[in-house]
Structure formats: structure tokens, C-alpha cells
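Enquirer: Give me coordinates for this.
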Amino acid sequence: MKRKIIFIFGCIGILNFATVLTHASEVPDTQLETDASEVLNNQDEMDSKELEKSLMNGIESLPDDPEYVKLLEERMADFYSPRYEAFSYEGYTHNDKFKDCKIRNGVDVSRYQGNINWNSVNNSGMEYAFIRVGYRGYSGGNLVEDSSGKDNIQNALNAGMKVGAYIFSQAITEAEAIEEADFALSKISGYDITMPIVIDYEYVKAGRLQNANLSREQATAIVNAFCDRIQQAGYTPMVYANKSMLEDSLNAGNIPHKIWLANYTKQTTYAGDYEYWQYTESGKVDGITGNVDCDFWYDSSDDAIITGVYIPDDDAINIRAGAIINTDDSDITYECTVIDYDYATYGTAFFPAVKTTADKTDNWMTYTPSHPGMYGFCWRAYKNGKIISEYGATHYFAGNQISNAMIYVPDRNAQTLDFGMVFSATDKENVRIQWFVYKPDEGVYESILADDLVKNIGVCQKWTKKSGRYWIMCRVTATNNPASTMCWGVEIRDGKVID
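Expert: Numbers count the residues shown, from 1 in each chain. Just a heads-up that it's a prediction; the model follows:
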């Protein structure tokens with residue numbers, strides 16, 4: 001069979017072959033099941049664009065997508081040097097340090113896996129999935145959403161799988177890493193994400209990350225900036241990198257977060273810490289057409305230090321969140337971070353409070369919200385500066401509620417009137433009382449007669465009758481819930497109380 005040399009030197013669609021030579025990891029998949037080798041067995045000649053389309057199963061690249069480049073390079077390598085060894089989950093040797101862990105199987109996917117039958121994936125024994133939510137362009141540096149990310153997240157969750165998310169990074173500064181973290185957080189908002197949120201940090205040949213020539217220290221600071229932002233938001237962060245990246249381009253020992261190792265071999269020789277191992281880019285999983293990345297998770301959660309967070313009903317003043325701690329280890333410190341999910345609406349801080357303690361019996365966090373809304377409480381256990389366990393819970397705080405209010409006047413015939421306010425509230429000690437005069441004929445409010453916290457409510461407001469028409473009015477407002485307020489007034493006409 002003759003094959004044109006254009007396959008090697010021709011332009012591969014939007015990318016030249018030199019650009020394609022990168023790293024390896026992601027795999028294709030779509031409804032089109034045409035195999036590239038079968039295509040060439042049926043025709044002697046094929047131009048580069050047709051080859052690219054066949055190799056990628058008809059799925060076109062998103063703009064400036066480093067993952068597309070990575071996948072195409074993998075497929076080109078397989079096309080010219082096909083591997084005849086059948087895929088198998090067996091035959092992998094695990095490091096002895098994981099002997100007490102449960103080894104859980106999972107996959108990681110992007111739009112290039114096409115339409116996925118997540119029920120079949122789950123039934124095949126896959127327990128979790130890392131789903132791409134976006135990427136940074138390897139050339140222009142723009143952030144782009146993965147067009148299949150949200151559907152994949154929802155459908156995987158519906159199938160009963162644990163879900164994490166990743167962004168294919170090309171960050172070259174800490175500010176860009178934080179931007180990527182915020183981008184990923186915006187895409188997972190509203191979903192039940194219980195697995196780590198990952199920065200996929202790897203080179204694309206001649207891409208902006210490779211061209212930046214970062215030092216180990218700079219690259220490490222970048223991935224840590226991403227992880228710190230994710231951690232602050234109450235999620236578990238993780239760094240994905242291949243073996244050479246971890247050994248040659250990062251100071252992996254200075255990353256105090258989970259590591260996801262990519263190393264396509266039967267027994268990795270990577271000596272550093274890692275909790276996940278992406279061991280192949282050519283896995284076969286029911287429900288996914290074509291190859292897919294497969295992963296081992298070394299799960300030690302049976303030995304979790306923090307096994308739950310309990311939040312009892314609030315008292316309209318404080319929220320209390322208690323950590324359930326299961327350890328006798330005295331070398332552990334604990335931290336609880338409060339997350340205010342409605343901070344943007346009220347102009348408050350996203351992380352308004354943090355508590356740190358080395359005493360496992362000091363396991364309650366008490367927080368006094370300034371407004372109603374959803375709050376999160378993330379408890380973490382640290383040992384030797386690294387997170388070894390974490391658990392979180394959320395609670396909706398309704399705040400103080402004013403249910404009714406009324407003004408009373410003990411003696412309506414007196415020249416100097418006494419006014420009192422009767423009201424009901426969830427917490428009567430945390431309200432603000434405002435007395436003022438309203439002149440409806442003029443449409444104006446006069447100066448406030450009193451503006452006090454409830455400590456002065458026992459004193460009636462006095463008012464000497466005047467001629468004309470006006471209202472004596474009172475407003476009662478919950479101090480931690482400004483939306484809960486009631487107003488009542490009494491009309492006076494030429495010295496006579498009308499109500």
C-alpha cells in the first residue's frame with residue numbers, strides 16, 4: 001500500500017505537525033466509529049485534513065485548545081506505530097505504601113469523548129469521573145469553556161458517580177492560575193462536586209507555558225495559587241502532571257495538596273507523593289466510544305480523621321458547626337473556614353471567619369452572620385502542613401424574622417402623647433427601632449425622633465400635639481436581616497388621634 005509522505009509533513013487541519021508534538025493523555029470519542037486504520041486499508045491516499053478528521057472521529061477542535069493538540073498527537077503516534085497489546089485493567093503493580101487503601105477505578109473526559117452513556121460507565125465499575133470544564137488557550141491564552149462539561153457533570157451525577165472537575169491550564173503567572181480557579185469554580189457552581197478540582201498542568205510544544213521557560217519555583221507557585229483558591233472556596237484542590245513534569249519542572253515536595261500522577265506504564269517509578277494515578281490513555285470503558293484515560297484512586301477514607309460536620313438549627317443569631325473527629329493523634333491541627341456564598345449581594349467577605357485549634361475537643365465553630373443566606377463550613381485536619389482529612393456542610397440562615405408590629409397610645413387625650421411599639425420577632429433582642437414623623441400633605445418625613453437598638457424600646461416616645469395633619473410612625477427591622485422589617489403609624493389631625 002502506498003501512503004503519501006504528506007501525512008508527515010502536511011498541515012494537519014488547523015495545526016502543523018510540529019505543533020502537534022506535545023504530551024499525552026486525553027483521548028477521542030464520538031458517535032462516529034470509523035477507525036483510522038480501517039480507512040487507510042480501504043483507500044491508498046488520504047490528505048492530512050481527512051486523516052485528522054478520521055483520527056479525531058469527526059470532532060472538531062475548540063479554539064486554541066491544548067487538549068485537542070495533545071489527543072491528536074497521541075492518535076498520530078498510534079496511527080504510525082500501532083500498539084497491538086489489548087487493554088486490560090490487570091497487571092498493574094501498586095506501590096506498597098497503598099497496601100491499606102481501596103483502589104478505586106475512574107475516568108477523566110472532555111468533549112473529545114463525544115456522547116457518553118454514563119449509566120453504562122457507572123455499571124462497568126467506574127466509580128468516579130474527572131470532567132473538563134474548560135481550558136486556557138495554548139497560544140492566545142483565553143479561557144474557554146468545554147462545551148460538554150456541564151452536560152457531562154450532570155449526567156455523571158445522575159448515573160450515581162462521584163464527580164470532580166479539571167481545567168487544562170496554560171497559566172504562566174499566579175494571577176492567571178487564580179483566574180483559572182475562579183473560572184472552574186464558576187462552571188461547577190450548583191453541582192454536587194465531591195471529588196477534587198484539578199489544575200491540569202502540562203506543556204504543549206511551542207505553547208505559551210513551554211515558551212515561558214518558568215523556573216521550578218515559579219511553576220510551583222502557580223499551581224499552589226490555583227489550589228489555594230480552590231481550597232478557600234471549600235473544595236479539595238489537586239495538581240495533575242505527568243512524571244517528567246513533577247520531577248523536572250515542579251518542586252513537587254513543596255505542593256501541599258493532592259497529586260494526580262500521569263504515567264503510562266504497568267509500574268510507575270515515580271518516588272514522590274500522589275493519591276491518583278492516570279495509568280493509561282487508551283482505556284476501554286463501556287459507554288465511551290474509543291479510548292479514554294483511566295485512573296486509580298488510592299482511597300484511604302476509611303481512616304478519615306473528620307467523618308462529618310453537624311449543624312443544628314440556628315437561633316436566628318448564630319450558626320454552629322461541629323466537626324466529628326475520629327482520631328487520638330495529638331499531632332494534628334484543625335481548621336474551620338466559613339464561606340459566605342451570598343457575599344457579592346451584601347458586600348461582605350467570601351471567607352468571613354476562620355478558626356484554628358490543636359484541641360480535637362474544641363470542635364465547634366460559632367459564627368454570627370450579618371445577613372441571611374447560604375453559608376458553608378469546611379473543617380480540615382492538617383498534619384505536617386498537609387491536609388489529611390476534610391469535610392464540609394452548608395446551612396441556610398434565614399436570620400431574624402419580624403412577624404408583626406403595632407403602635408399603641410396609652411392616653412389619646414393627653415396633650416403630650418406616649419407612643420409604644422409592640423412587635424413579634426424570632427430574636428427580639430436584635431432589632432432596630434426607628435421613630436419618625438410623616439406629613440402626608442407635604443409628602444415629607446421629618447427628622448427621626450429615635451434610632452436605637454432594642455435596648456431602648458422600653459421607653460415610650462413622647463410627642464406634644466401640634467396643629468395640622470401628620471403621622472407618628474415606627475419601623476422595626478432585624479439587624480441581621482434588613483429585608484425583615486415592618487412599619488406602623490398613628491394619624492393625628494389637629495390634636496386628635498385618628499389611628
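Enquirer: rest of the way, CA atoms for contacts and neighbours
Expert: Will do.
Enquirer: which intervals of the stretch 351-499 of the chain have sub-threshold pLDDT?
Expert: In the predicted model, the stretch 351-499 of the chain carries pLDDT under 70 at residues 447-460, 499.
Enquirer: where exactly do the strands run in it?
Expert: 353-357, 364-367, 373-383, 386-397, 402-408, 416-425, 431-439, 444-445, 450-453, 461-464, 469-478, 481-493, 496-497 (DSSP state E, counting those that start in this stretch).
Enquirer: now the stretch 201-350 of the chain
Expert: Going by DSSP E, counting those that start in this stretch, the stretch 201-350 of the chain shows strands at 237-242, 258-262, 276-283, 292-299, 306-310, 319-325, 333-340.
Enquirer: Now name the helix or strand holding the residue nearest the centre of the chain.
Expert: What sits nearest the mean C-alpha location of the chain, by CA atoms, centre = their mean, is Leu185, with 3.9 Å. Using DSSP states H and E, Leu185 maps to helix 174-188.
Enquirer: Buried ones in that helix, by neighbour count?
Expert: Buried positions in helix 174-188, judged by neighbour count with 16 or more other CA atoms under 10 Å: 174, 176-181, 183-185, 187-188.
Enquirer: Any chance of a markdown table for those residues, columns distance to Asp418 and pLDDT?
Expert: Below are the buried residues of helix 174-188 laid out as a markdown table (distance: CA to CA, whole Å; pLDDT from 0 to 100):
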| residue | distance to Asp418 | pLDDT |
| --- | --- | --- |
| Glu174 | 64 | 98 |
| Glu176 | 63 | 98 |
| Ala177 | 63 | 98 |
| Ile178 | 59 | 97 |
| Glu179 | 59 | 98 |
| Glu180 | 62 | 98 |
| Ala181 | 59 | 97 |
| Phe183 | 58 | 98 |
| Ala184 | 60 | 98 |
| Leu185 | 56 | 97 |
| Lys187 | 58 | 97 |
| Ile188 | 57 | 96 |
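Enquirer: Out of those, which two are the most distant from each other?
Expert: By the measure CA to CA, Glu174 and Ile188 form the most distant pair in these, at 21.3 Å.
Enquirer: Flag the shaky bits of the stretch 201-350 of the chain, pLDDT-wise.
Expert: Using pLDDT under 70, the stretch 201-350 of the chain drops low at 301-303.
Enquirer: Not counting sequence-adjacent ones, nearest residue to Asp342?
Expert: Using CA to CA, 6 or more residues apart in numbering and skipping residues adjacent in sequence, the residue nearest Asp342 is Gly373, 6.1 Å away.
Enquirer: Surely that neighbour touches Phe397?
Expert: Yes: the criterion here is CA atoms under 8 Å, and Gly373 meets it with Phe397 at 5.3 Å.
Enquirer: In the protein, which helix is the longest?
Expert: helix 216-232 (DSSP state H).
Enquirer: Tell me which other helices or strands that helix touches.
Expert: For helix 216-232, the packing partners by 3 or more CA pairs under 8 Å, 6 or more residues apart in numbering; DSSP states H and E come out as helix 174-188, strand 197-201, strand 237-242.
Enquirer: quick one: it to strand 333-340, angle?
Expert: With axes from the mean of the first three to the mean of the last three CA atoms, to 10 degrees as the basis, helix 216-232 and strand 333-340 are set at 70 degrees to each other.
Enquirer: Need the helices and strands packed on helix 216-232 in TSV (columns: distance to Arg475).
Expert: Below are the helices and strands packed on helix 216-232 laid out as TSV (distance: least, CA to CA, whole Å):
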stretch	distance to Arg475
helix 174-188	39
strand 197-201	47
strand 237-242	47
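Enquirer: between the ones you listed, which one is nearest to Pro312?
Expert: Short answer: helix 174-188, nearest of the helices and strands packed on helix 216-232 by CA to CA, at 27.1 Å.
Enquirer: I'd like to know which elements the closest one is packed against.
Expert: Partner elements for helix 174-188 (3+ CA pairs under 8 Å, 6+ apart): strand 128-136, strand 162-169, helix 216-232.
Enquirer: Can you point out the buried residues in the last one?
Expert: Residues of helix 216-232 classed as buried: 216, 218-232 (neighbour count, 16+ other CA under 10 Å).
Enquirer: so where's the stretch 1-150 of the chain uncertain?
Expert: In the stretch 1-150 of the chain (pLDDT under 70), the answer is 1-47, 81-89.
Enquirer: how many degrees apart are the helix holding Leu185 and strand 128-136 in direction?
Expert: Using the same axes, to 10 degrees: helix 174-188 against strand 128-136 is 130 degrees.
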